[in-house]
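Student: generate a structure from the sequence data that follows.
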Amino acid sequence: MSSALPEKPAGQDTVVHGTVRAAPDDAQRLRAEIEQTRENLSATVDQLAAKMDVKSRAQAEAAQLTDRIKAAGAQFQRDAPNYARRAVAQGTKTAREQVVPLSVAASVLVLGSLIIWQRRRR
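Tutor: Predicted coordinates:
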């Protein structure tokens, strides 16, 4: 890679703002800084280009959402039988605890049905 900085022979000093510095070291340091700046700029441009690529970002987001939905579906399939068992157990428990009110309700329904049936027969 060629540099815009001129190469100086080894041992030549340069005066910058009243300070004496060794030219080869400064040139090497500046070249390294320039190279680092170019790398940073390249990374920044790549990041900006990635942000501007809406289609790719949307596809990546859709893929992530699809994966999350598939994982949730698999989790539901694993948990559904246990959930159903718990619901049945809870319903059975509630029915046992509410035997009297359920019996009264059933009796009222049977008597009401009989009364309606008798009236329609006449």
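Student: extract the residue ranges of this structure that are flagged as low pLDDT.
Tutor: Low-confidence segments of the chain (pLDDT under 70): 1-24.
Student: outline the domain layout of it.
Tutor: Residue ranges of the domains in the chain are recorded as 12-52, 54-122, according to automatic domain parsing.
Student: columns mean neighbour count on top of these, output as TSV?
Tutor: To be clear about C-beta, it is placed using only N, CA and C from the backbone, and glycine gets the same treatment. Shown next, in TSV, are the domains of the chain (neighbours: other Cβ atoms under 10 Å):
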stretch	mean neighbour count
domain 12-52	11
domain 54-122	10
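Student: so where do the strands sit in this protein?
Tutor: According to DSSP state E, the chain carries its strands in the segments 13-16, 19-22.
Student: for residue 53, grab phi and psi.
Tutor: Main-chain dihedrals, residue 53, degrees, to the nearest 10: phi -80, psi 80.
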